[in-house]
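Trainee: got a sequence here, can you build the structure:
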Amino acid sequence: MTQRYAIYFTPERSSDLARFSNAWINDEPGASVFGDEVPWSGLIDPDYRRSITSAPRLYGFHATLKPPFFLAQGKSLADLETAVADFASERPRILLPQLQLDILGDFLALRTHERTPELDALAADAVSSLDAFRRPASDEEVALRRAVGLTERQDKLLTDWGYPYVMEEFRFHMTLSTRLDETGQSRLLSILKPIVTPLIEKPIVIEAVSLVEQAEPGARFTERGRFPLLG
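Mentor: This next block holds a predicted model:
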């Protein structure tokens, strides 16, 4: 099986934030909050913008709750969909802390700067309670993760959950670029900050989680279902 699955938070499709991402990442200006004339027109070369949004275009505009995984042997997509629906039905909606446009590592992202126990718990529960559906990581996958350099705790999380940045290492963020050098980071931040800031001033509520699928290696992740938080 070549499909991978993940649990995301994605903004509601009609929201300003989702429509912004359609224009910035997916080249759908007509569907964006800005109309056909995007505000970065003339400020950034279109080909350059497409190149620096290649990673978020592949994964989709989102915040990861349970990182991508292959289905475990004996598990079906229908089983997973039922489990995600049950998971969502038992958990309450969460008001996000104020998002900020910032540099995370060496890429641009919308992120929270304060920890929220309810948000951390949602992500941790998604990782643990749905882990029976995750096929254990292969030796090659583990080696690839370790090659970037992990702390002892991150390595333990990789062994336990197939990914090093979960549980207390989880940081809520929504990626807007690929990795950039310092000049690229500074320039992009100056272009996008006045555009994005008005879009994130209003409170944002996590009111659903999304099950997404990557049909084959290199394919874009697409939404299989959106499950409301009802707890």
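
Trainee: wait, a strand at S41?
Mentor: No: with DSSP: H, G, I helix; E, B strand; the rest coil as the criterion, S41 is located in coil rather than a strand.

Trainee: now do it against Y165, distance only.
Mentor: According to C-beta to C-beta, to the nearest Å, S41 and Y165 sit 35 Å apart. Any C-beta I mention is one placed from the backbone N, CA and C, and that applies to glycine too.

Trainee: between the two, which has more neighbouring residues?
Mentor: Here S41 and Y165 are set side by side on neighbour count (other C-beta atoms under 10 Å), and the busier one is Y165, at 16 against 11.

Trainee: test my guess that that one contacts L158.
Mentor: No: here Y165 does not reach L158: they are 9.0 Å apart, not a contact under C-beta atoms under 8 Å.

Trainee: for the residue lying farthest from the centre of the chain, phi and psi?
Mentor: The outermost residue of the chain, judged against the average C-alpha position, is G42 (28.3 Å), by C-alpha atoms, centre = their mean. Its backbone dihedrals place G42 at phi 90, psi -10, with angles given as degrees, to the nearest 10.

Trainee: what about it, distance to R49?
Mentor: Using C-beta to C-beta, which is the criterion applied here, G42 is 12 Å from R49.

Trainee: swap in A123?
Mentor: Here the criterion is C-beta to C-beta. By it, A123 lies 30 Å from R49.

Trainee: ok, the two, which is more surrounded?
Mentor: A123 (21 against 18).

Trainee: backbone dihedrals for T116, both of them.
Mentor: Dihedral angles of T116 (phi, psi; degrees, to the nearest 10) stand at phi -120, psi 110.

Trainee: can you pull the contacts of it?
Mentor: 94, 96-97, 172 (C-beta atoms under 8 Å, 6 or more residues apart in numbering).

Trainee: again, only using 6 Å
Mentor: Neighbouring residues of T116 by C-beta atoms under 6 Å, 6 or more residues apart in numbering: P97.
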